[in-house]
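In: 3D, please:
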Amino acid sequence: MLIRHFHRRNLPHLYYNEGIYFVTFRLYGSIHPNELKKLHEQIRRNQLLHPHEQKKVFKKYDQLLDKPNNNIKYLRQPEILEICKTSLHFYDCKEYNLICYCIMPNHIHLLFELINKNRMVGDIVGSIKKFIARESNKFLKRKGKFWQSESFDRLVRDDIELYFTIKYVLMNPVNAGLITEWKQWPGTFCKPEFQIID
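Out: Next up, the predicted model:
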């Protein structure tokens, strides 16, 4: 039976207990509060518009994260990168079928197909974030918030959207000017059957 759950904080979240999800979560403080406020106002204005318009808003969000002057980049440290990879792969074939991900210096893009119909996307992502935060804070010898509370998530509706979402995830470090070929980025993973670009 298909179950739907709607949740709202600053961003609207509509979860089903099946389907393919594209999720982005970011480090706490990785977008300046003033820029974030403008973006949230735009999201509120556009949330009932066509999904294409919502994608434009997300691209602006991602551009803010990829700004070169962004100083919060814990995820670029090799030890924390490994903590992230371990957590993302831990849930593969248990909670979801992992399709691909990209661990950027201050955020993570994750694409997966839900297989556990008893847990919502927000709960699974919350578990991932909690583990990474705990282990990373231990390594960094710091306390306090590690992740921004909310994540950006979207249900992938068809194969065309899946194709472009995979491409977007894999090409994020290239488009951010960090590398020239997607396979060069140490935080990128894609299952072979989903690799759509060489």
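
In: going forward, measure contacts between C-alpha atoms and count neighbours the same way
Out: OK.

In: so where do the strands sit in this structure?
Out: Assigned by DSSP state E, the strands in the chain fall at 4-8, 12-16, 20-26, 96-103, 107-114, 152-156, 188-190.

In: list the buried residues in the shortest one.
Out: Of the residues in strand 188-190, T188, F189, C190 count as buried by neighbour count, 16 or more other CA atoms under 10 Å.

In: just grab the bridge partners of the second one for me.
Out: So that's F189. Note on F189: beta-bridge partners Y101, judged by DSSP bridges.

In: pick out the shakiest of the strands of the chain, pLDDT-wise.
Out: Within those, confidence is poorest for strand 4-8, with a mean of 45 (mean pLDDT).

In: nearest to N137 among the buried residues of strand 188-190?
Out: The shortest approach to N137 among these belongs to T188, at 22.3 Å (CA to CA).

In: give me the neighbour count for the closest residue in space to that closest one that isn't next to it in sequence.
Out: Leaving aside its chain neighbours, T188 sits nearest to C102 (4.4 Å; criterion: CA to CA, 6 or more residues apart in numbering). Neighbour count of C102, defined by other CA atoms under 10 Å: 26.

In: now swap in F22 and tell me
Out: Counted with other CA under 10 Å, F22 comes out at 21.

In: so what's it bridging to?
Out: L111, R154.

In: please produce JSON lines containing the strands of the chain, extended by distance to F164.
Out: Output for the strands of the chain, formatted as JSON lines (distance: least, CA to CA, whole Å):
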{"stretch": "strand 4-8", "distance to F164": "25"}
{"stretch": "strand 12-16", "distance to F164": "21"}
{"stretch": "strand 20-26", "distance to F164": "11"}
{"stretch": "strand 96-103", "distance to F164": "12"}
{"stretch": "strand 107-114", "distance to F164": "12"}
{"stretch": "strand 152-156", "distance to F164": "10"}
{"stretch": "strand 188-190", "distance to F164": "14"}
